[in-house]
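Q: Give the three-dimensional model of this entry:
(chains A and B)
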There are 2 protein chains.
Amino acid sequence: MNKRKLETCFSPALYEAECHTNSIVVVIDILRASSAICTAFANGALEIIPVAEVSEAKAYKEKGFLVAAERDGFVLEFADLGNSPFNFTVDMVAGKTIVYSTTNGTGIIKLASSAYMTVIGSFLNIGALTQWLLKQDRDVLLFCAGWKNRFNLEDSVCAGAISEKLLESKLYSTICDSTLAAVDLWSLACPDLKGYIDKAAQRSRLRDKKLDDCIEFCLTPDYTSRIPVMKNGVLVGSIS
Amino acid sequence: MNKRKLETCFSPALYEAECHTNSIVVVIDILRASSAICTAFANGALEIIPVAEVSEAKAYKEKGFLVAAERDGFVLEFADLGNSPFNFTVDMVAGKTIVYSTTNGTGIIKLASSAYMTVIGSFLNIGALTQWLLKQDRDVLLFCAGWKNRFNLEDSVCAGAISEKLLESKLYSTICDSTLAAVDLWSLACPDLKGYIDKAAQRSRLRDKKLDDCIEFCLTPDYTSRIPVMKNGVLVGSIS
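A: Numbers count the residues shown, from 1 in each chain, chains lettered A, B, ... in the order given. Predicted coordinates for the structure are as follows:
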């Protein structure tokens, strides 16, 4: 049996769409888009429409949609919600369609949409996601959102945690140095994940803007078993 | 006193030239361009003219220059030398100007040439390079060549080794996650560098092509105290 291939991409600027048309691509943007999306579905959101541009988000708002939109961490003035997972409460999102636009995350979800399947990964759904991936017979790309095209620690460490489990199963193999590095970084971060992420640049950025209250939550494993998946340009939370 | 800024770039696709016009950029391509260049100057080469295109290298050859040129590890048929450090013997290179074109390394040297200063780093000159950097009053970018725009382990680990020394001095600070990751990877690789690099993808690629005889040499620290530096589009080995 051929082993499934496991790869990791550290930045949208390194994404090679043509290599992954037959793969499951897992989009990872821990601080904060993928954590917020997982929380929204855990709290009953019906679907999320990712839009890259502010103008699109605004047009949806004018049509009466619930809109989550931020740039550089701050909620846009016309939006109902920002990018903190704490915004996506049951009261706010249960049974709703949410239009969602962030600095980084939503552009990447769109970039990944040419893959066989695009799903959202975070620490919040890591156990369910890993178990689900093991049941598929597909190559996997872990696609780290990074920050403005740069490598970041929190997404890489999450990719490492997922990779460790997939490689342990012996169903996957990798010759991808990014995956090997991610697993090694996870081995260092694992004993004290919050302490490790404390040194990450995005941690400082959010702290400087007083937007760091959700970081500990974003590092919580297995808060939900729902796996957001892209279907016809819209994220639904149907895989669980 | 403001600390000097230390950053690391993991791939040419992530290089932001406009951010580094006042920095010293250290180009790192361990397997094998930067190791070969350091060896050439250790063995008395006068200067190295990096050219990105095969056609340029060929034109120089026709003018009578000594030409080192490879693509994907293999010496081009018109060239005198390939990309193995073992090609750059005293007999072959002492007192000579070498025209040099590789799959990856020389394009990156050209890309970095808008920096304040562009130098070549490898394990072979790591001690001298680090000591020299400490004496400059400049921000530093460690520019990993990677492989066909992808992250690689051997360049990242070398960047980590350099970063560890620069950060220990307290003259530098970093808020760059790539630098932090590189230092962490180096901490894991350091006790057995050859064993660690054994798992790297480029190691396998070179082994498959039977081009891996020089890997142990490329991981040797402090083989030379010469630091190749770009001057007017040409590398010279004058800093020592």
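Q: who touches stretch A:92-101?
A: A:33, A:37, A:40, A:43-54, A:56-57, A:60-61, A:65-70, A:76, A:80-81, A:88, A:106 (C-beta atoms under 8 Å, 6 or more residues apart in numbering or on different chains). The C-beta positions use only the backbone N, C-alpha and C, and glycine is treated the same way.
Q: Enumerate the residues of chain A near chain B.
A: A:10-11, A:13-14, A:147, A:149-153, A:156, A:175-178, A:180-181, A:184-185, A:187-188, A:199-202, A:204 (C-beta under 8 Å from any C-beta of the partner chain).
Q: Narrow these to just the buried residues.
A: Taking 16 or more other C-beta atoms under 10 Å in any protein chain shown as the criterion, what is buried in the residues of chain A next to chain B is A:10-11, A:13-14, A:147, A:150-153, A:156, A:176-178, A:180-181, A:184-185, A:188, A:200-202.
Q: Which strands and helices lie in contact with the helix or strand where A:S163 lies?
A: Assigned by DSSP states H and E, A:S163 belongs to helix A:153-168. Packed against helix A:153-168, as judged by 3 or more C-beta pairs under 8 Å, 6 or more residues apart in numbering or on different chains; DSSP states H and E, are the following elements: strand A:4-9, strand A:24-28, helix A:126-135, strand A:140-144, helix A:177-189, helix A:193-197, helix A:201-208, helix B:177-189.
Q: what's in contact with the first one?
A: What it means is strand A:4-9. Outside strand A:4-9, the residues that reach it (C-beta under 8 Å, 6+ apart) are A:15-16, A:23, A:137-144, A:156, A:159, A:163, A:166-167, A:171-174, A:176, A:178-179, A:182.
Q: Could you list the low-pLDDT ranges of chain A?
A: Chain A contains residues with pLDDT under 70 at A:1, A:239-240.
Q: Select, out of the helices and strands packed on helix A:153-168, the one closest to B:F123.
A: Within the helices and strands packed on helix A:153-168, the stretch nearest B:F123 is helix B:177-189; the backing value is 11.0 Å (C-beta to C-beta).
Q: does any part of the closest one sit near chain A?
A: Yes: with C-beta under 8 Å from any C-beta as the threshold, helix B:177-189 lies in contact with chain A, specifically through B:177-178, B:180-181, B:184-185, B:187-188.
Q: Mind listing the residues bridging to the closest residue to A:E56 other than its chain neighbours?
A: If you skip the residues right next to it in sequence, A:E56 has A:S101 as its closest partner in space, 7.0 Å away by C-beta to C-beta, 6 or more residues apart in numbering or on different chains. Taking DSSP bridges as the rule, A:S101 bridges to A:A69.
Q: So A:N87 versus A:F143, what's the distance?
A: As judged by C-beta to C-beta, to the nearest Å, A:N87 and A:F143 stand 24 Å apart.
Q: Comparing these two, which residue is more hemmed in?
A: Neighbours per residue (other C-beta atoms under 10 Å in any protein chain shown) separate A:N87 from A:F143, with A:F143 holding more: 30 against 20.
Q: you'd agree the more buried one is up against A:I24?
A: No: counting by C-beta atoms under 8 Å, A:F143 sits too far from A:I24 to count as a contact (10.3 Å).
Q: And A:D91, which helix or strand is it part of?
A: helix A:90-93.
Q: Would you mind writing the CA trace of that helix as PDB?
A: As requested, C-alpha coordinates have been extracted for helix A:90-93 and formatted as PDB (Å, rounded to 0.1, in the frame of the first residue of the first chain):
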ATOM      1  CA  VAL A  90     -24.500  30.800  21.000                       C
ATOM      2  CA  ASP A  91     -26.800  33.800  21.400                       C
ATOM      3  CA  MET A  92     -25.000  35.600  18.500                       C
ATOM      4  CA  VAL A  93     -24.500  32.800  16.000                       C
END
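Q: Just the buried residues of it, please?
A: A:92-93.
Q: For that helix, what is the distance to the chain centroid?
A: Offset of helix A:90-93 from its chain centre (C-alpha atoms, centre = their mean, to the nearest Å): 20 Å.
Q: Give me the secondary structure label for A:D137.
A: Three states are possible here, and by DSSP: H, G, I helix; E, B strand; the rest coil the one that applies to A:D137 is coil.
Q: Against chain B, how distant is it?
A: Distance of A:D137 to chain B, computed by C-beta to the nearest C-beta, to the nearest Å: 24 Å.
Q: just A:G237 next, same as before
A: 30 Å.
Q: So what does A:I215 look like in phi/psi?
A: In terms of degrees, to the nearest 10, the main-chain angles of A:I215 are phi -60, psi -50.
Q: ok, and the closest non-adjacent residue to A:E70?
A: Leaving aside its chain neighbours, A:E70 sits nearest to A:N83 (4.1 Å; criterion: C-beta to C-beta, 6+ apart).
Q: Thanks again, I'm all set now.
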